Structure formats: C-alpha cells, structure tokens
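Engineer: What shape does this take:
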Amino acid sequence: MPNEALVKVRGVTQRFHSGRKEFIAVRDVNLTVNEGEFVVLLGPSGCGKSTLLRIVTGLQKPSEGTVLYRGEPVVGVNPQATIVFQTFALFPWLTVQQNVEVALKARGIAPEDRGHRAIELIDRVGLDGFETAYPRELSGGMRQKVGFARAMAVEPELLCLDEPFSALDVLSAESLRSELLELWASGDIPTKAILMVTHNIEEAVFMSDRIVVMDKNPGRVVSDVVVDMLHPRRRKSAKFANIVDKVYATLAGQTQPEHVEIGSEPGGPGGARALPDIEIGDLTGVLERIHEMPGRNADIFRLAEELHADSDSLLRLTDAAELLGFATLAEGDIALTPLGETFAEARILARKEIFASRIRRLPLFQWLLRMLDAADNSLLERDVTLAALELDFPPEEAQRQLDLIIEWGRYAEILSYDDSSELLQPELATASPSSSDNE
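Structural biologist: From the prediction side, this is the model:
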C-alpha cells in the first residue's frame, strides 16, 4: 500500500510568452504521488504532461503554485528525482559503461568505484556483455536500457519517465515495459515512486497503479483513475478492458452543440479551435469501417484494437469526425451521423464536396477566406498567415495548424498553395455551394 506523500503539486500553473501573447501550458494542477506508487500522467499531445514532469523534478519553475517533496518546497533541480527521456540522450562517442559512469561521476562517486558500480547497473537492466559497445551498435530497446541504467545510477527516490517507450518498435517496447515492471516489483532499484508520461492508454493501464488523466486548452487534470489490478496484468481480461474503456470515454468526452464544438475564430472569445492533426485518408478509412458495423457505431477501444491504432492517433481521428459533424461521441462510443453515413458511402468527388461544405462552417476557415478576400489579388503570404495564427497558437502549433489548413483546403478544393512562392489563394474551381444539401 502507498505510504506517505512523496510529491505534492498544489495549484500549479505554467504560462509562457511568444511575443506579446501569453499561452497557458497547465492551469491550476493539483497532484499527489505517494511512496510506493506507479503513477501515469495520460493525455493528448499538448496537454502539458511533459511540462508538469519538468516542474515536478525542478527543471522548470512554475508561474504559480508550489511543488513539495517530502513536505519541503522544491527549489531548483530536485536531487532525489531523475528523468528518462524518449530520445535515449546517450553520448555516441562513449561506450555503454562510460555512458553510465557519466551519471556516477556527476553524483560524486570516486573513479575507482565507478567501474564496478556501472557494471552492476548494466547487468541489472539485462545488458551484461555489452559494456564496451557503442550506442550505434545497439537496438533502440537496448539504448533505452542504457538510459534506465544511467538514471538509476543516481539512485533516485522518484523516477520520472517521459514517454520512454514511444520511440521503440512494438516488440521492444513491450519487452522493456515488462522488464521495468519486474525491476520495480522486485525492489531491485532504490526508487520509491515512478511518475510516467504517456499518451498510450493501454500502456498506462498495463503498468500503473493510478492514472491521472489530463486534457488540453489549457492543460488540466480531468480525472484520477485507480487501476486496482495485480501484476502481471492480462490485457484480454474483462477488468483490464473495462478500465481502458473508462479512460477512453474520459478522453473522448461527449459531443457538444455545434457552436461549442467548432469554437471561435482567431482573436475570438476563447481562442480558435485547433484542427486535429490527422491524415484525411485515415479519417475516411475509420468512417468507412464504422459504416460497416452494426448500428453504424463502435466502441472506441475495440475500434483501436481492430485497426491496430494507438490511442492518441485514434482519438485525434474521432475528434476530427466530431468536429466535421460526421460522428457523435458518448461514453466511449462513436456513432456516425446521417452526414457521416453519406460521406462514407459517397464517391471521391462527392466526398470532396461534402468535406468542403463542412470546413466552410469552421471559424478558422471562415477567418482565412475573409482574409484572402480582402488581400490584394486574393493572395496571402505564408509568413503573414502564420503571424496571424501565432496570435492564438504557440509558434510550433501555429506552423502545424497552417499546414493542416493547407492540406484540408487543398483536399476540399477551396484553397491552393504554391510552395515555391509560399502564397495561398482561393481555389479557382471551388466545390459547389449546393453540396450543403447533403448535410
């Protein structure tokens, strides 16, 4: 059973600025990690999970709120915590043993003691025999094991993991998850608690004692789910499936009235509604599959299993279907609307017309089309459009949104874009306005 509180996050808000614009990464977050717990921060990309992890470890100071470690405020980097990142972060010119010894040196371990300590750690993560290998000689899973060994070299009480399996292939990730759980359960590592960031729902349920579910715009905690299951866990068990389904339902939410779903245009109240980062072909495929199902609806968790899709990608697709009015979401299920059924049944050109009629309803596209209408020769420079989007989105997200606007607009044949001149303009042969009759 969990013991005393190791970490307490109280009222933490993180703001950052781009030019004169303020963005909120996380707002008013409260979180407790108890000794003996494996806690997962789960949520979509952009909800502030990694930001919160950096705040907990002291790598980043919050704009508001406090972080307590064993009852004391965290000031600067917490020496009792360490992070394993998804990108391995190994020194390519050092061997496996030398990479681990770097952490021992930073901890102040005497040179004569580093060698055997590093070899012990390397053996503990299952890399005995690879001490003299270089990172380029190792698989992704083996490189990440070196990252774990290096993290454990500082003997952290709190081990923080920032999507440590996301850069690995499926089999390597599965193997490393099981090995980490074995180390944790056996007590072979000095760690008192683990705090891990992921967007993979099944991974969270498979590994953790508790799942803290976050949502974005702004990043915030929306649910705290206890995973009351013994290890090893069976993914095919009814209890496992029920917990996964509950988390899917929490993240997917429930369809709201259209004016709420589509949001406002840039500069409007509440800011612009971001387009989900999806491929239109993937959206079409998902809608076609749901259309084949009885009742034209599906359990999102079962749909993810059938399509072999990761939860984050599928939730972005269901979000897009909901935004465009092709589907509704409720209690972890997705159901096609009559318009969604029409889209799934339609031929290629008819689909383009339906898609065009739907995105013309979105405030983001209405705003851009008005800008194009007011511009000289109906031409807009990419940089000008991007600068306008940055009033509502952080720079990286503004770039992504502009790319999505161009992709969606080209598919719908309402926008054209010249990559060499970086100019946007309305498509001369736009989709017929009469397509709205299909709605």
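Engineer: Please enumerate the helices of the stretch 151-300 of the chain.
Structural biologist: 170-186, 201-207, 238-252, 258-262, 280-291, 300-307 (DSSP state H, counting those that start in this stretch).
Engineer: neighbouring contacts of the one helix or strand Val102 maps to?
Structural biologist: Secondary structure assignment for Val102, by DSSP states H and E: helix 96-106. Helix 96-106 has contacts (Cβ atoms under 8 Å, 6 or more residues apart in numbering) with 90-91, 94, 111, 113-115, 117-119, 121-122, 127, 130-135, 138, 146, 149-151, 153-154. Every residue, glycine included, has its C-beta placed from N, CA and C.
Engineer: could I get the lowest-mean-pLDDT helix or strand in the chain in PDB with only the CA atoms?
Structural biologist: When each helix and strand of the chain is scored by mean pLDDT, DSSP states H and E, helix 258-262 comes last, with a mean of 80. In PDB, the C-alpha atoms belonging to helix 258-262 read as follows (Å, rounded to 0.1, in the frame of the first residue of the first chain):
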ATOM      1  CA  GLU A 258     -22.000  22.600 -32.900                       C
ATOM      2  CA  HIS A 259     -21.300  26.100 -31.800                       C
ATOM      3  CA  VAL A 260     -19.300  24.700 -28.800                       C
ATOM      4  CA  GLU A 261     -17.500  22.100 -30.900                       C
ATOM      5  CA  ILE A 262     -16.300  24.400 -33.600                       C
END
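Engineer: Can you list the helices and strands that that helix packs against?
Structural biologist: helix 311-323 (3 or more Cβ pairs under 8 Å, 6 or more residues apart in numbering; DSSP states H and E).
Engineer: Which secondary structure elements does the helix it packs on sit against?
Structural biologist: Packed against helix 311-323 by the contact rule (3+ Cβ pairs under 8 Å, 6+ apart) you find helix 238-252, helix 258-262, helix 280-291, helix 300-307, strand 327-330.
Engineer: do you know which of these lies nearest Leu176?
Structural biologist: For these, proximity to Leu176 was assessed by Cβ to Cβ; helix 238-252 is nearest, at 19.7 Å.
Engineer: Mean confidence (pLDDT) on that closest one, please.
Structural biologist: The pLDDT scores in helix 238-252 average 91.
Engineer: neighbouring contacts of the least confident helix or strand of the chain?
Structural biologist: With Cβ under 8 Å, 6+ apart as the criterion, helix 258-262 contacts 255, 273, 322-323, 325, 361-363.
Engineer: And the next helix or strand past the helix holding Val102?
Structural biologist: As assigned by DSSP H and E, the chain's next helix or strand after helix 96-106 is helix 111-124.
Engineer: And that next one, what's buried?
Structural biologist: 114, 117-119, 121-122, 124 (16 or more other Cβ atoms under 10 Å).
Engineer: cool, stretch 227-240 as well?
Structural biologist: 227, 229, 240.
Engineer: Wait, the first one touches Val213, no?
Structural biologist: No. At 11.9 Å, Val227 does not count as touching Val213 under the criterion of Cβ atoms under 8 Å.
Engineer: What's the separation between Asp383 and His17?
Structural biologist: Noted for Asp383: a distance of 20 Å to His17, by Cβ to Cβ, to the nearest Å.
Engineer: quick one, phi psi at Asp228?
Structural biologist: Main-chain torsions, Asp228, degrees, to the nearest 10: phi -90, psi 70.
Engineer: circling back: tell me the most buried of the helices of the stretch 151-300 of the chain?
Structural biologist: The highest mean neighbour count among these, using mean count of other Cβ atoms under 10 Å, belongs to helix 201-207: a mean of 24.
Engineer: Please name every helix or strand in contact with that helix.
Structural biologist: So helix 201-207, by 3+ Cβ pairs under 8 Å, 6+ apart, packs with strand 38-42, helix 170-186, helix 238-252.
Engineer: for the record, mean pLDDT for the first one?
Structural biologist: In this model, strand 38-42 carries a mean pLDDT of 95.
Engineer: Relative to that strand, what are the paired strands and their orientations?
Structural biologist: Taking DSSP bridges as the criterion, strand 38-42 forms sheet pairs with strand 193-198 (parallel), strand 210-215 (parallel).
Engineer: Quick one: work out the angle between the first one and helix 170-186.
Structural biologist: In other words, strand 193-198. With axes from the mean of the first three to the mean of the last three Cα atoms, to 10 degrees applied, the angle from strand 193-198 to helix 170-186 works out at 160 degrees.
Engineer: swap in the last one?
Structural biologist: Using the same axes, to 10 degrees, the interaxial angle of strand 210-215 with respect to helix 170-186 works out to 130 degrees.
Engineer: about what we covered before: winner for burial among the strands paired with strand 38-42?
Structural biologist: strand 193-198 (a mean of 25).
Engineer: So what's the gap between it and the chain middle?
Structural biologist: 14 Å (Cα atoms, centre = their mean, to the nearest Å).
Engineer: now stretch 360-379
Structural biologist: Worked out by Cα atoms, centre = their mean, stretch 360-379 lies 31 Å from the chain centre.
Engineer: and if you look at stretch 97-111?
Structural biologist: Centroid separation between stretch 97-111 and its chain, computed with Cα atoms, centre = their mean, is 33 Å.
Engineer: Gly48 contacts Pro218, doesn't it?
Structural biologist: Yes. The pair Gly48 / Pro218 is scored as a contact, 7.3 Å apart, by Cβ under 8 Å.
Engineer: between those two, what contacts are shared?
Structural biologist: Common neighbours of Gly48 and Pro218, counting by Cβ under 8 Å, 6+ apart, are 25-26.
Engineer: Of the two, which one has the most company?
Structural biologist: Gly48 (26 against 18; other Cβ atoms under 10 Å).
Engineer: Name the nearest residue to the more buried one, sequence neighbours excluded.
Structural biologist: Closest residue to Gly48 apart from its sequence neighbours, by Cβ to Cβ, 6 or more residues apart in numbering: Gly219 at 2.7 Å.
Engineer: Low-confidence ranges, the stretch 51-200 of the chain, go.
Structural biologist: Residue ranges of the stretch 51-200 of the chain with pLDDT under 70: 88.
Engineer: what does the stretch 201-350 of the chain give?
Structural biologist: In the stretch 201-350 of the chain, residues with pLDDT under 70: 269-270.
Engineer: Next, format the helices and strands packed on helix 201-207 as a markdown table and append distance to Glu163.
Structural biologist: Below are the helices and strands packed on helix 201-207 laid out as a markdown table (distance: least, Cβ to Cβ, whole Å):
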| stretch | distance to Glu163 |
| --- | --- |
| strand 38-42 | 10 |
| helix 170-186 | 10 |
| helix 238-252 | 16 |
